[in-house]
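Student: generate a structure from the sequence data that follows.
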Amino acid sequence: MATRKIAVLVGSMRRESFTRKLAKQLMLLAPPTLELEIVEIGQLPMYNQDDETDAPPPAWSEFRDRIHEADGILFATPEYNRSLPGVLKNAIDVGSRPYGKAAWTGKPCAVVSNSPGALGGFGANHAVRQTLVFLNMPCMQSPEAYIGGIADKFDGDALKDDGLRTFLTQFMECYATWVERHAD
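Tutor: Residues are numbered from 1 along each chain as shown. Sure thing, here's the model as predicted:
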């Protein structure tokens with residue numbers, strides 16, 4: 001199998017974000033066939049179609065180029081009010097334009113959600129998935145990753161839950177297979 005470049009989008013801007021810690025663990029646990037890199041989304045100006053000109057905001061162009069270069073996408077998101085955070089929705093919107101030239105089209109993806117509560121970001125996970133259908137992104141269906149009780153899973157940046165580590169390793173192995181199956 002070839003090495004595949006995976007863009008990781010982290011839907012939390014908080015300095016001590018559990019979502020970022022979780023994304024970094026996924027990157028560490030991924031098989032060597034995946035080369036994962038976090039693509040920052042916090043600097044993206046809010047999407048406004050009026051700015052979609054021959055010279056869109058440079059941050060949009062840079063972001064779109066990074067997504068175009070990726071072989072797959074891994075979305076890591078917390079849950080805000082039973083849905084996805086605005087920063088992640090904005091990144092999805094920016095990458096979906098200009099119309100007919102979406103950076104996302106055909107990119108194999110997976111979604112990992114988390115929350116301090118028991119549901120593990122179920123609402124956020126499915127809100128992201130709903131947009132992915134429209135964007136024609138083959139999203140890994142199983143295993144699903146809803147990580148509940150996230151606040152108790154880490155000691156600093158270190159994952160202290162061995163059961164979760166095992167699950168995340170299996171998740172990333174499945175994702176590597178998914179990417180290979182759907183990559184161009």
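
Student: separation between the residue located most distally from the centre of the chain and residue 100?
Tutor: The centre of the chain is farthest from one residue, residue 54, which by Cα atoms, centre = their mean lies 28.1 Å away. To residue 100, residue 54 is 16 Å away according to Cβ to Cβ, to the nearest Å. No exception for glycine: its C-beta is placed from N, CA and C like everyone else's.

Student: what ranges does the chain have for its strands?
Tutor: Counting by DSSP state E, the chain has strands at residues 4-10, 34-38, 72-78, 109-114, 145-147, 154-155, 158-159.

Student: and the fifth one, how far out from the chain middle?
Tutor: The one in question is strand 145-147. 13 Å (Cα atoms, centre = their mean, to the nearest Å).

Student: quick one: mean pLDDT over it.
Tutor: For strand 145-147, the mean pLDDT works out to 97.

Student: can you list the strands that it pairs with?
Tutor: strand 109-114 (parallel) (DSSP bridges).

Student: can you give me the buried ones in the strand it pairs with?
Tutor: Neighbour-count burial for strand 109-114, with 16 or more other Cβ atoms under 10 Å as criterion, is recorded at 109-114.

Student: and what of stretch 76-90?
Tutor: 76-80, 83-85, 87-90.

Student: contacts for it, please.
Tutor: 8-13, 17-20, 22-23, 26, 41-42, 44, 46-47, 75, 111-115, 117, 119, 121-125, 127-128, 131 (Cβ atoms under 8 Å, 6 or more residues apart in numbering).

Student: can you say which of these are buried?
Tutor: Buried, going by 16+ other Cβ under 10 Å: 8-12, 17-20, 22-23, 26, 41, 44, 47, 75, 111-115, 121-125, 127-128, 131, out of these.

Student: inside helices: which ones of the residues you listed?
Tutor: Using DSSP state H, 18-20, 22-23, 26, 122-125, 127-128, 131 are the members of the buried ones among the contacts of stretch 76-90 that sit in helices.

Student: of those residues, closest to residue 67?
Tutor: Set against residue 67, the nearest of those by Cβ to Cβ is residue 131 (14.0 Å).

Student: picking up where we left off before, which pair of the buried residues of stretch 76-90 spans the longest distance?
Tutor: Between any two of the buried residues of stretch 76-90, the greatest separation by Cβ to Cβ is 16.7 Å, found for 79 and 90.

Student: for the spatially most central residue of the chain, give me its contacts.
Tutor: Nearest to the geometric centre of the chain sits residue 75, at 1.2 Å (Cα atoms, centre = their mean). Counting by Cβ under 8 Å, 6+ apart, residue 75 touches 9, 11, 88, 109-112, 128.
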